[in-house]
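Engineer: Requesting a structural model of the entry that follows:
(chains A, B, C and D)
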There are 4 protein chains.
Amino acid sequence: MNTFGRLFRITTFGESHGPGIGVVIDGCPAGLPVADEQIQAALDRRRPGQSELTTPRAEADRVEVQSGIFRGETTGTPISLYIRNQDQHSHDYSHIEHAYRPSHADYTYDQKYGRRDFRGGGRSSARETAARVAAGAVAQQLLNQHNIKVDSYVSQVGAVAVPVGYEQLDLGLIDTNMVRCPHPETAERMADLIRQTRDRHDTVGGLVTGVVRGLPVGLGEPVFDKLHAELGRAMLGINAVKGFEYGSGFAGTLLFGSEHNDPFYTDEATGQVRTRTNHSGGIQGGISNGQDVYFRVAFKPVATILQPQSTINDQGEAVTLAGRGRHDPCVLPRAVPIVDAMTSLVLADMLLRARANKV
Amino acid sequence: MNTFGRLFRITTFGESHGPGIGVVIDGCPAGLPVADEQIQAALDRRRPGQSELTTPRAEADRVEVQSGIFRGETTGTPISLYIRNQDQHSHDYSHIEHAYRPSHADYTYDQKYGRRDFRGGGRSSARETAARVAAGAVAQQLLNQHNIKVDSYVSQVGAVAVPVGYEQLDLGLIDTNMVRCPHPETAERMADLIRQTRDRHDTVGGLVTGVVRGLPVGLGEPVFDKLHAELGRAMLGINAVKGFEYGSGFAGTLLFGSEHNDPFYTDEATGQVRTRTNHSGGIQGGISNGQDVYFRVAFKPVATILQPQSTINDQGEAVTLAGRGRHDPCVLPRAVPIVDAMTSLVLADMLLRARANKV
Amino acid sequence: MNTFGRLFRITTFGESHGPGIGVVIDGCPAGLPVADEQIQAALDRRRPGQSELTTPRAEADRVEVQSGIFRGETTGTPISLYIRNQDQHSHDYSHIEHAYRPSHADYTYDQKYGRRDFRGGGRSSARETAARVAAGAVAQQLLNQHNIKVDSYVSQVGAVAVPVGYEQLDLGLIDTNMVRCPHPETAERMADLIRQTRDRHDTVGGLVTGVVRGLPVGLGEPVFDKLHAELGRAMLGINAVKGFEYGSGFAGTLLFGSEHNDPFYTDEATGQVRTRTNHSGGIQGGISNGQDVYFRVAFKPVATILQPQSTINDQGEAVTLAGRGRHDPCVLPRAVPIVDAMTSLVLADMLLRARANKV
Amino acid sequence: MNTFGRLFRITTFGESHGPGIGVVIDGCPAGLPVADEQIQAALDRRRPGQSELTTPRAEADRVEVQSGIFRGETTGTPISLYIRNQDQHSHDYSHIEHAYRPSHADYTYDQKYGRRDFRGGGRSSARETAARVAAGAVAQQLLNQHNIKVDSYVSQVGAVAVPVGYEQLDLGLIDTNMVRCPHPETAERMADLIRQTRDRHDTVGGLVTGVVRGLPVGLGEPVFDKLHAELGRAMLGINAVKGFEYGSGFAGTLLFGSEHNDPFYTDEATGQVRTRTNHSGGIQGGISNGQDVYFRVAFKPVATILQPQSTINDQGEAVTLAGRGRHDPCVLPRAVPIVDAMTSLVLADMLLRARANKV
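Structural biologist: Have a look, this model is predicted:
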């Protein structure tokens, strides 16, 4: 199913080298101001060719609004956003028409569907995420109405990690460098590692940290649709993601309950309920508690490397395959807007769902 | 929404201290042999009071089949399974009627719904997972028809970890000790840690590793419903879970692409396509590739500790609260059947969904 | 799928002669006052044996609330309602174990699922509708909060029809006679026809008219989920229903546009927008316009007749079969609470869905 | 929700006078041959300006395939079909910007969403159905693989009705006249009535009869998703539809059970199970029984008439409004491909759903 969300719901379509990719947003409330430029700005953060650290492919990724917005506001009808593919005919993909790239989706698509559109990965290409980013920009507008702030950033590349937690960072610095890491010194070391990796024709993975501030209490649902379960599913649905943790995460397994519990108190100045620590990551029982929500997403090094690799073809015969063309040595910087988008989509959906909690 | 799954679909209901808890399974194919004892056996692995390491509460958790099974086989109609609560009136919960236990769902439920059934945690109690385990036992029967084998085990408690990977373990040993760890030596050290923690009136977390063998190629769907995204959502929906990773997981971020990629080869003996390494965790592009699927789930130390803690009441006033009654110092051993159940439910759903892939 | 509704959502389970039938209501807002007696009162209107015109089978149909209601109010968690079957073992159904009753679901169930629970029709029995009626009583409580009034009544039995429209009837008279027809003179003629039919060991069909008053403007959704499309689906899902029309319905096809259109005007006294006629049946573009919603539902004569009939068995051999036991000669009087319930469920769902229309 | 179907699922988007309209088909199995010309042929049956009986507006309605089809076959990924609007800027709609056309969706949209795209009816325009027709053409290809034949035709216009049942008609004649009525003599009388109505600046309604032949046994689901309930919902979701009946329908309420029941027999020649009559309309217990499925759909006279009408504006003030431009005096001929499309979509979905019935 290519649909995400229950009330704020998106359906994406399109292949890497078909005519274009797009998304239909259904369930967006009427009366939301949305400008084309807001969607375009989000796409520009994701598009290839934006810096020396990403693939040198240059695609403009211009969004076309096909429906659902009238006089600058949503009308309550489906919003269709379309992005034309530019150089859909310019490459030669004959080398992978019958061969299975290691750790790619070639083999599994072929087995599942009995065929695949092999041009540039077809539907399994990360190009599909542009549609999610466009939709996320609309969701972001809904969050803005509620003063909810979503920020994610690159917190680790290979073994190079930001040495402090998000609370000690100025998240306004995220877009001040090519890596999208708000710790400038670490950002430079990350950039160096990415350049070295690129020059070795290899790829490198890392972590993106997501932070949500200003979330109201009460988003998320008990049992299966816990807020962190929906966030986790959203993140694990992004290409190359291998893991998700929120709050104390995997490290929290090393604490005892007496250390891990977050004591409640009432803030004297504001009268608001707060917790003294936030190992819960802003979520208790699957429901937001008003503290910051934060989480980490693990990205593997992407599979396309410009080195010869042993694999098989669709007859099961051993062949050697080398990646061609222009690819990202590290997807982390371009993954940031995707994490932002998926986070925003989950929260927009939960905001609408929360409207039905009480009589 | 208290429903999980699209085609093999369960809806759970019930509170910790109401009349009982239960589950309706909808979409289970007709003709599946299901015996009450199979469901009961799964419940017995989860029930409290089964060993000295778990809560001494003793509940029989007898399943009653209310519909959907006729003459020992499923009929294609909804299967309703019900488990009566036994000592629903025996406890005094007045101490938490108006106070918010730290890192519990008391506060968020109250805010979301304007009220809560405070007796024993109500709906947020882990007791609800018994319904999932019962349903999972039916899903397991469907997997058995396809020779799919699901096993999970405790791989870490606090800082005590199994020193080898799942491939080097005999998973037949899982139920030979109270901890459900198939590495006997480590299991003993884990049991010691749990006993020490219990005696300190504290709690301890850890990891459960899940392993799926015999999975056919082609389960899972591109984009949002990737097999690992559905598994991740299922795991993150279990009480106390803080993180999920599959295949190489978080550690995979430290490898380069040339190290991480899994080369394909054709097994000469069987003619089957295989990969030489399995950093992919048996899933590529969101779709199973026929190798083992494996993943790890992080559980925090549970919040109920038998020590006084500072918190607030529903008037925002500071109060001191101490856990009462009988609780698990470590939920990991009883979490194993829950992980098994949720894994089985995801796979059963994906098996049915895969029937619509091709013309 | 045994689930109905998107936000106010019910899942029913149970067979005619299994242990019992039931329903799980998910998505009901918290804080709704619901008393067991309200649910019981609705069930009493549907139960067999309530008058000489219905089957003489006497089943108490006592509802048990298993979850979701605490201190007389909904908590926002799933509400499970269960009705035990009483005489589940008392009948002999061997005559239909291998034979297919004409115009029943025996043959199609057997073909679809490869088996069926033949006792009393199993899942295809109208007994399942008791679960819907119980759930409808909860939905009705939600509608009461909004002063929405749902009434349905028997408007035709065989060829005996109420000679006037609903606007000219006192709907307070519906329950003053056994037929549930608020036109007393017609009700007597209907009762006579039902008695004659019963004495001939035959069955007779008819029409139920549904009326909704006090509905706010804006319920229902464009395109596929039009309010009348959801009502129609709900009605066509009731056993024995063959047709649905709303507003001018089939008769409206004989009018010209200039006759059929409903002119808007502003009521001077109240300032409210109204229409001078209501051929639209209170729905325009799939969305309620604030006028009365009304519709008609056609019920066939039920298939169980106490006469010998030619049919085949599951070997395809010709056999003769006669209905046994105690059955309704006319289901219309007992269908009224089912129509009420399904109408209430649709409206409750649409009420919740409408909360997400606007920013 | 602008999505229809559970497994074979479409999402439509677009407004009458925006850039275009379209549909995303998700869940279509891979390997289905689909040619652009097949989709175009279906659209040509629906497009305006195709005969003197329809609106003289001439729109080419060219379909563009944006994704999901590769080398003439579906790939299992979403199929996006787009139809550009041609004269989106050519009309003046200022007269309805603030006035509510009687029996249109203007008022209800404005109330529901707080705004509307008033140009040509926006989303409520029947133009949206072109997207459904395009999707239906793909569904039709799936039905072709199973030799399922869907035909619908105009069986009544105003009071002019085909005097015989569908079994006595040659459905191959449907497209031999402008009205799409396979009874040539009646077709001429219908055409006369439509011309007269047009010349009086009025509109006229009627009936479309749908027929499905070759349907396998076992499609449709018990309880809520009965085959006829899904068909009914699909039909009631078409603009201007007021009623739906299948099999004996409303007229069946006048028969006794002994007359209405359909006796089973085994056809000696083929060994197939058949029924001697077919009041059931090919569906028993909500599940297809292998006989023909047939139903009737009531269309009101459309609301747009070229006569002055009294109504109000969005300030509640009385105004007079007259339809402008070119409109259909009778939508029945162009409704036939829409009924075909929606029928095909329901059946395609049910075909896929039936794959999960049995182990």
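
Engineer: Surely A:F250 and B:V297 touch.
Structural biologist: No: counting by CB atoms under 8 Å, B:V297 is not a contact partner of A:F250; they are 9.8 Å apart. C-beta: built from backbone N, CA, C; applies to glycine.

Engineer: Spit out the residues that contact those two alike.
Structural biologist: Jointly contacting A:F250 and B:V297 under the rule CB atoms under 8 Å, 6 or more residues apart in numbering or on different chains are B:L207, B:G243.

Engineer: more neighbours, these two?
Structural biologist: More neighbours surround B:V297 than the other of A:F250 and B:V297, with 32 against 21 (other CB atoms under 10 Å in any protein chain shown).

Engineer: The residue of the stretch 201-350 of chain A found nearest chain D: which element?
Structural biologist: Closest to chain D within the stretch 201-350 of chain A is A:D349: 13.2 Å, counting by CB to the nearest CB. Using DSSP states H and E, A:D349 sits within helix A:332-353.

Engineer: Please see if that helix touches chain C.
Structural biologist: Yes: Helix A:332-353 comes into contact with chain C (CB under 8 Å from any CB of the partner chain), by way of A:L352.

Engineer: Now do the same for that helix: mean pLDDT, whole number.
Structural biologist: For helix A:332-353, mean pLDDT rounds to 98.

Engineer: could you say what helices and strands it packs with?
Structural biologist: Applying 3 or more CB pairs under 8 Å, 6 or more residues apart in numbering or on different chains; DSSP states H and E, one finds that helix A:332-353 contacts helix A:36-46, helix A:129-145, strand A:149-157, strand A:206-213, helix A:227-236, strand A:293-299.

Engineer: what's the most buried one of the ones you listed?
Structural biologist: Among the helices and strands packed on helix A:332-353, helix A:227-236 has the highest mean neighbour count (mean count of other CB atoms under 10 Å in any protein chain shown), at a mean of 29.

Engineer: And the contacts of that one?
Structural biologist: Outside helix A:227-236, the residues within contact range by CB under 8 Å, 6+ apart are A:4, A:210, A:219-221, A:241, A:244, A:246-247, A:281, A:283, A:286-288, A:293, A:295, A:297, A:339, A:342-343, A:345-346, A:349-350, B:224, B:226, B:228-230, B:232-234, B:236-237, B:244.

Engineer: so after it, what's the next helix or strand?
Structural biologist: Once helix A:227-236 ends, the next helix or strand along the chain (criterion: DSSP H and E) is strand A:241-246.

Engineer: Is there contact, residue-wise, from that following strand to chain B?
Structural biologist: Yes: against chain B, strand A:241-246 shows contacts by CB under 8 Å from any CB at A:K242, A:G243, A:F244, A:E245, A:Y246.

Engineer: most surrounded residue in those?
Structural biologist: Going by other CB under 10 Å, A:F244 tops the residues of strand A:241-246 next to chain B with 33 neighbours.

Engineer: who does that one bridge with?
Structural biologist: For A:F244, the beta-bridge partners are A:V297, B:F244 (DSSP bridges).

Engineer: wait, which of the residues of strand A:241-246 next to chain B is closest to B:N261?
Structural biologist: Using CB to CB, A:K242 comes nearest to B:N261 of the residues of strand A:241-246 next to chain B, at 13.4 Å.

Engineer: ok, that closest one - contacts?
Structural biologist: Each residue near A:K242 by CB under 8 Å, 6+ apart is listed here: A:A298, A:F299, A:K300, B:E245, B:Y246, B:G247, B:S248, B:G249, B:F250, B:G252, B:T253, B:G281.

Engineer: mind redoing it with 6 Å?
Structural biologist: A:A298, A:K300, B:E245, B:G247, B:S248, B:G249, B:G252 (CB atoms under 6 Å, 6 or more residues apart in numbering or on different chains).

Engineer: same question, A:T277
Structural biologist: By CB under 6 Å, 6+ apart, the contact list for A:T277 reads A:D262.

Engineer: tell me the mean pLDDT for whichever strand or helix holds A:T12?
Structural biologist: Per DSSP H and E, A:T12 falls inside strand A:9-14. Averaging pLDDT along strand A:9-14 gives 98.

Engineer: neighbouring contacts of that strand?
Structural biologist: Residues from elsewhere that reach strand A:9-14, judged by CB under 6 Å, 6+ apart: A:2-4, A:20-27, A:128, A:131, A:135, D:11, D:24, D:67, D:78, D:80.

Engineer: Okay, buried residues for stretch A:176-187 please.
Structural biologist: Across stretch A:176-187, burial judged by 16 or more other CB atoms under 10 Å in any protein chain shown covers A:N177, A:M178, A:V179, A:R180, A:C181, A:P182, A:H183, A:T186, A:A187.

Engineer: likewise stretch A:323-338?
Structural biologist: By neighbour count with 16+ other CB under 10 Å, stretch A:323-338 contains the buried residues A:323, A:327-338.

Engineer: same thing with stretch A:308-319?
Structural biologist: For stretch A:308-319, by 16+ other CB under 10 Å, it's A:Q309, A:T311, A:I312, A:N313.

Engineer: residues in contact with the last one?
Structural biologist: Right, A:N313. A:H98, A:A99, A:V319.

Engineer: and these, which of them are in strands?
Structural biologist: The strands, defined by DSSP state E, take in A:V319 from the contacts of A:N313.
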